[in-house]
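Visitor: predicted coordinates and the sequence they were generated for:
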Amino acid sequence: MKKEERIRWIIIFISASIALLGAFLIMTRGNPLDEYIGDVVVTNGKQRMVINGVKYSYNDEDSSKKSDIYVPIEKAEAIPELDYDMNDENCNISVSYSDEYTGDIIYTVYDTDFSEILADQKNLTIPAECGKEYYISAKVNWGDEDKNVTVMYYFKINVLENQN
């Protein structure tokens, strides 16, 4: 094989490799808005857990596109749980957020059949009947007002029976 022919094959190989790498990177890239997604932490004063979110939609000034991977709460698997003891003054459910979010956080409370009990609350309120379980979804917009991603966070509260 001549020197010129070898150089030509090397150039073809390098060009093809760059093209394949570019195609792979384009197919596997995420939405740039995903970098704004922060962490959500729920605590009861004793236990603390970071909750994974489910992307609901990508939003800009004029439109909203629902995510292909969105899973509603009734179909979510392995929803994290916290116990709530109404008789323990140190047991308080609180939710905190690691980064700046935009707009209001919207909470919805469901019963064990995933029927809405309290919808579209700006402050988390749980009915808290002894021995009952409640599922909560928190809807958070990460990013700025013009462009953001809506993420849903799910968790479960077990209201403990009276120990008296």
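Guide: Received the coordinates, thanks. Numbering: from 1, shown residues only.

Visitor: so where do the strands sit in the protein?
Guide: Assigned by DSSP state E, the strands in the chain fall at 40-43, 48-51, 53-59, 64-66, 81-84, 94-97, 101-110, 116-121, 133-143, 148-159.

Visitor: mean confidence score for the longest one?
Guide: When pLDDT is averaged over strand 148-159, the result is 92.

Visitor: note down every partner strand of it and its orientation.
Guide: When pairing is defined by DSSP bridges, strand 148-159 lines up against strand 53-59 (antiparallel), strand 81-84 (parallel), strand 133-143 (antiparallel).

Visitor: one more: the first one?
Guide: Strands adjacent to strand 40-43 in the sheet, as given by DSSP bridges, are strand 48-51 (antiparallel), strand 94-97 (antiparallel).

Visitor: for the strands paired with strand 148-159, give me a markdown table that also has mean pLDDT.
Guide: Converted to a markdown table, the strands paired with strand 148-159 look like this (pLDDT from 0 to 100):
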| stretch | mean pLDDT |
| --- | --- |
| strand 53-59 | 89 |
| strand 81-84 | 90 |
| strand 133-143 | 92 |
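
Visitor: counting contacts, what elements does the helix or strand bottoming out on mean pLDDT in the chain pack onto?
Guide: Counting by mean pLDDT, DSSP states H and E, the chain has its least confident helix or strand at strand 64-66, which shows a mean of 82. With contacts defined as 3 or more C-beta pairs under 8 Å, 6 or more residues apart in numbering; DSSP states H and E, strand 64-66 has these neighbours: strand 53-59. C-betas here are computed from N, CA, C, even on glycine.

Visitor: so what touches the strand it packs on?
Guide: Contacts to strand 53-59, defined as C-beta atoms under 8 Å, 6 or more residues apart in numbering, come from residues 31, 33-34, 37, 40, 64-67, 69-71, 76, 139-141, 147-154.

Visitor: so which bits of it are buried?
Guide: Buried residues in strand 53-59, counted by 16 or more other C-beta atoms under 10 Å: 53, 54, 55, 56, 57, 58, 59.

Visitor: if we take those, which one ends up nearest to residue 82?
Guide: Checking these against residue 82 by C-beta to C-beta gives residue 53 as the nearest, at 16.6 Å.
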